[in-house]
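Novice: need a 3D model of the sequence below.
(one chain, ligands or ions: 1)
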Amino acid sequence: MFDEASIKDTVGDPSGVCLAEVGNMRLGGGNYNSILARGDNDLVLDALGARFHRMVRCIYIDPPYNNMESYAHYDDRDRHDVWISKLTRHVERLKNFLSEDGSIWISIDDHQVHYLKVALDQIFGRENFVSTIIWEHRKTRENRRAFSNNHEYVLVYAVDANLFKRRRNKLPYDETVKARFKNPDNDPRGPWQSISLNVQAGHATRSQFHEITAPNGKRHTPPAGRCWMYTAEKVLDLIEDNRIWFGKDGDGVPRLKRFLDEIEGGLTPQTLWRADEVGTTDTAKKDVLRLLPGETVFDTPKPEQLIERIIEISTNPGDMVLDSFLGSGTTASVALRTGRRFIGIERGEHMISHCHHRLKCLAEKYGSGVRYFEVQGIL
Ligand SMILES: C[S@@+](CC[C@H](N)C(=O)[O-])C[C@H]1O[C@@H](n2cnc3c(N)ncnc32)[C@H](O)[C@@H]1O
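Specialist: Okay, here's the model as predicted:
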């Protein structure tokens, strides 16, 4: 039986990935921090449940969408009611693995997103719905249909949405954002960006309505329906500290200087994820082919950048990530590369031909930098 005792028997040096096969319940020899398990995902979850109860910080799944396609590696056709009830029961199982600050991210398409959302509301509670991310999964136009479908969704739920909000990570500033910070006045505090100093007057106090006198003597009042962000005293201090920008010639509307070095925490994630930032299905296919030349093309991989963004927002290095529809192994690869532990489950042959080989390549590439990987033979 693939139970806790049999897993423990295989533990030695805690720096490997354990490749397990659930079905005939054999375990690849092994030391592990992370697990690749081949088998039906419900079965594997039942086998792992006791050991990993509430230990997973992020679950990402990309289940078959029931789109009536037949792919080289799996079939995607079921009766709608069978599909939704199987997936619902599976997500109920998954919920037991999530930590109190954990979240689940589920890829889905336009046909099923609404049915799945209703099912997930019932499992997690509507109050724990976090967001629906729109991912631009293709950039080219699909001319055979009434509308070219260029996006998919990722539904995000948390065990506790408030806790998730407090603990989730912001995104790092990328080079495009950094490039918006300039230093036209050679401020010794470095590059800065100016933001509006006037705000909506809705909740303003009287002290926010005043006149600002620029160093050149020009007087500024807030536009209609707006007030200043700060009181007159505070604005004077800011002018004194060279933190108010009146434009190059000193004649412009006052704006606040925000210094790159003083901004904490990065960017709040947005809900629209562009292909240029996180890749497309096509770029993902090419990436897998490049990693595994000669292997049969896997039709529906997700791009590593997409998964990396999810993992970056929802976890920190050392946290556990779970994907129970592993496909070509994208989630496990990204987890390994970014220093997260993982549980990856896949029932197809491609657990070996794709996931296992992909992770092996990655481990070789990263050399000793990768701590978690050492599969001890295939079953
Ligand atoms: C859309 S693919 C996932 C692709 C993956 N995100 C990637 O980047 O490669 C769905 C995968 O789920 C697997 N799958 C479907 N039902 C399963 C089950 N009951 N247990 C385990 N794996 C399953 C299929 O074999 C398929 O590889």
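
Novice: for the nearest residue to residue 76 once chain neighbours are set aside, give me its contacts.
Specialist: Distances taken as CB to CB, 6 or more residues apart in numbering place residue 64 nearest to residue 76, at 4.1 Å, with adjacent residues excluded. Just so you know, the C-beta spots here come from the backbone N, C-alpha and C atoms, and that holds for glycine as well. Residues counted as contacts of residue 64 (CB atoms under 8 Å, 6 or more residues apart in numbering) are 74, 75, 76, 78, 83, 325.

Novice: let me know the pLDDT of the third one.
Specialist: Put plainly, it is residue 76. Predicted confidence (pLDDT) for residue 76: 80.

Novice: look up phi and psi at the residue most central in space within the chain.
Specialist: Within the chain, one residue has its C-alpha closest to the average C-alpha position: by CA atoms, centre = their mean, that is residue 310, at 0.8 Å. Main-chain torsions, residue 310, degrees, to the nearest 10: phi -60, psi -50.

Novice: same question, residue 328
Specialist: According to degrees, to the nearest 10, residue 328 has phi -90, psi 0.

Novice: hang on, it packs against residue 358?
Specialist: Yes: counting by CB atoms under 8 Å, residue 328 touches residue 358, with 6.8 Å between them.

Novice: shared neighbours of those two, anything?
Specialist: Both residue 328 and residue 358 are in contact with residue 288, where contact means CB under 8 Å, 6+ apart.

Novice: can you give me the helices for this protein?
Specialist: Taking DSSP state H to define them, one finds helices in the chain at 4-9, 41-52, 80-95, 113-124, 161-167, 175-178, 232-240, 275-278, 281-291, 304-314, 330-337, 350, 357-366.

Novice: the ones you listed: which one's closest to residue 269?
Specialist: Closest of those to residue 269 is helix 304-314, at 5.5 Å (criterion: CB to CB).

Novice: so what touches the closest one?
Specialist: 57-58, 60, 102-103, 105, 135, 154, 164, 168-172, 269, 273, 277-279, 284, 287, 321, 330-331, 333-335, 337-338, 340.

Novice: thinking again about what came up before, the contacts of residue 64 also near the ligand: which ones?
Specialist: By CB under 6 Å from any ligand atom, the members of those lying near the ligand are 74, 325.

Novice: are any of the contacts of residue 64 buried, and if so which?
Specialist: 74, 76, 83, 325 (16 or more other CB atoms under 10 Å).

Novice: quick one: pLDDT of the closest residue to the first one other than its chain neighbours?
Specialist: I take that to be residue 74. In space, and not counting its chain neighbours, residue 74 is closest to residue 348: 5.8 Å by CB to CB, 6+ apart. Looking at residue 348, its pLDDT stands at 89.

Novice: tally of neighbours for the residue in the chain positioned nearest to the ligand?
Specialist: Using CB to the nearest ligand atom, residue 327 is the residue of the chain that sits closest to the ligand, at 2.4 Å. Neighbourhood size, residue 327 [other CB atoms under 10 Å]: 27.

Novice: ok, and the closest non-adjacent residue to residue 80?
Specialist: Take residue 80 and drop its neighbours on the chain: the residue closest to it by CB to CB, 6+ apart is residue 66, 6.7 Å away.

Novice: tell me the contacts of that neighbour?
Specialist: Residue 66 neighbours (CB under 8 Å, 6+ apart): 76, 77, 78, 80, 83, 111, 112.

Novice: what sits against the third one?
Specialist: Spelled out, it's residue 78. Applying CB under 8 Å, 6+ apart to residue 78 gives the contacts 64, 66, 86.

Novice: cool, the second one as well?
Specialist: Applying CB under 8 Å, 6+ apart, we find residue 77 in contact with 66, 68, 69, 70.

Novice: am I right that residue 198 is in contact with residue 229?
Specialist: Yes: in this structure, residue 198 is within contact of residue 229 by CB under 8 Å, at 6.9 Å.

Novice: these two: which is more packed in?
Specialist: residue 198 (20 against 17).

Novice: what's opposite that one in the beta bridge?
Specialist: Going by DSSP bridges, residue 198 is paired in beta bridges with residue 228.

Novice: need the pLDDT of it.
Specialist: pLDDT for residue 198: 95.

Novice: what about the residue nearest to residue 80, distance to residue 111?
Specialist: The gap separating residue 66 from residue 111 is 8 Å, by CB to CB, to the nearest Å.
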